[in-house]
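**Student:** Structure of the sequence below:
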Amino acid sequence: MNMSAAGAPKFAKALVTGATGFLGSRLTARLAESGTAVSALIRRTSAPEKVAELPDSIDIIPADSDNEALIAHVSKTTPDVIFHLAARYTYSYSLAEIPGLLSDNITLTAQICEAATTAGCTNLVVAGTAWQNAGSPPGDESPAPNTLYAATKQAADDIIDYYAAASELNAVTLKIYDSYGPGDPRRKFLQALADAADTGETLASTPGAQLVHMVHAEDLVDGFVHAGNLLVSGKLAGRTSYTLPSQKSVSLRELVEIWQTATDNNVSVAWGANDYRDGEVMVPWEGTPLPGWSPQIDLETGLRGLQN
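**Tutor:** Below you'll find the predicted structure:
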């Protein structure tokens, strides 16, 4: 898919966290292909095959380095923008998962902010989630997270607030809704649909009335690059937060109909076989979209591309 004008980098150097993830890998590839010098903070536990898929031109930094090493690297490479996409996601959780959620979503954010401010890197773009405002009225930025994951992302935002107020850090959080695209390794609803179509089995689902914003991964990458451009140009400054929504939310039932048309598949869905999850978002929170960005890939076209 062609890069939009908003998705063309206008900066020379960048640091990316979460570079082996679904969105982070695409952002890293976009930046490298555009000639941006890219460093990537990589966990030791990252899948070797995902690390091997990263562009040869990028500089890999072990994520388990001490904070002094991270500060030294940022000071040496002086990235124009840091893109912080690394996170640990889970909807429900066990007690054993709590330390990892706190470490990956909160502690790492503090370390990134500390490295940025100490090294004099003043531009930070962060991946947030619209679930931070799951219970908020439309347009109300007051946090109301619906999961522990969303609460940790909100706590990370609070930490960024502190660093932005205490230093010259310019930071923007981009709150993401539901993302999709080719090669998605995550076990999400669209993959379950495809599996049910392949096997002929009936897919058990909730009643399907919940509305979702489905945004293609390439549109989201456009948004992150555009936010970086706005920071570097000075058009965004201080501490800001925006959303990256689709042009129109659809119900889960509508999504199935569009998917069937786009992929020329039929699937049997048992609507109501499952209850809604605790904290299920029935109507997505509507915040302020990132200025100068809009999704370019309509849902049917994007879903059709999953077949390629």
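**Student:** Could you list the low-confidence segments of the stretch 151-300 of the chain?
**Tutor:** Residues of the stretch 151-300 of the chain meeting the criterion pLDDT under 70: none.
**Student:** Could I get the full set of strands for it?
**Tutor:** With DSSP state E, counting those that start in this stretch, the ranges of strands along the stretch 151-300 of the chain come out as 170-176, 178-180, 203-205, 211-212, 214-216, 239-244, 250-251, 269-271.
**Student:** Direction included, what does the fourth one pair against?
**Tutor:** Just to be clear, that refers to strand 211-212. strand 250-251 (antiparallel) (DSSP bridges).
**Student:** Tell me how far the partner strand lies from the chain's centre.
**Tutor:** Distance, stretch centre to chain centre, for strand 250-251: 20 Å (Cα atoms, centre = their mean, to the nearest Å).
**Student:** Kindly report the same for stretch 219-231.
**Tutor:** Mean C-alpha position of stretch 219-231 versus that of the full chain (Cα atoms, centre = their mean) differs by 12 Å.
**Student:** Likewise for stretch 17-37?
**Tutor:** With Cα atoms, centre = their mean as the basis, the mean position of stretch 17-37 lies at 12 Å from the chain mean.
**Student:** go on, stretch 290-308?
**Tutor:** Using Cα atoms, centre = their mean, we find the averaged C-alpha position of stretch 290-308 to lie 15 Å away from the chain's own average C-alpha position.
**Student:** likewise stretch 82-97?
**Tutor:** Per Cα atoms, centre = their mean, the displacement of stretch 82-97 from the mean C-alpha position of its chain is 12 Å.
**Student:** can you pull the buried residues of it?
**Tutor:** Along stretch 82-97, these residues count as buried under the neighbour rule (16 or more other Cβ atoms under 10 Å): 82-87. C-beta coordinates here come from the backbone N, C-alpha and C atoms, glycine included.
**Student:** If we go by neighbour counts, what in stretch 28-44 is buried?
**Tutor:** Judged by neighbour count using 16+ other Cβ under 10 Å, the buried positions of stretch 28-44 are 28-32, 36-43.
**Student:** my bad, should have said stretch 176-186
**Tutor:** Within stretch 176-186, the residues that qualify as buried are 176-181, counting by 16+ other Cβ under 10 Å.
**Student:** same question, stretch 289-308
**Tutor:** Using 16+ other Cβ under 10 Å, the residues of stretch 289-308 that count as buried are 289-290, 293, 295-297, 299, 302-306.
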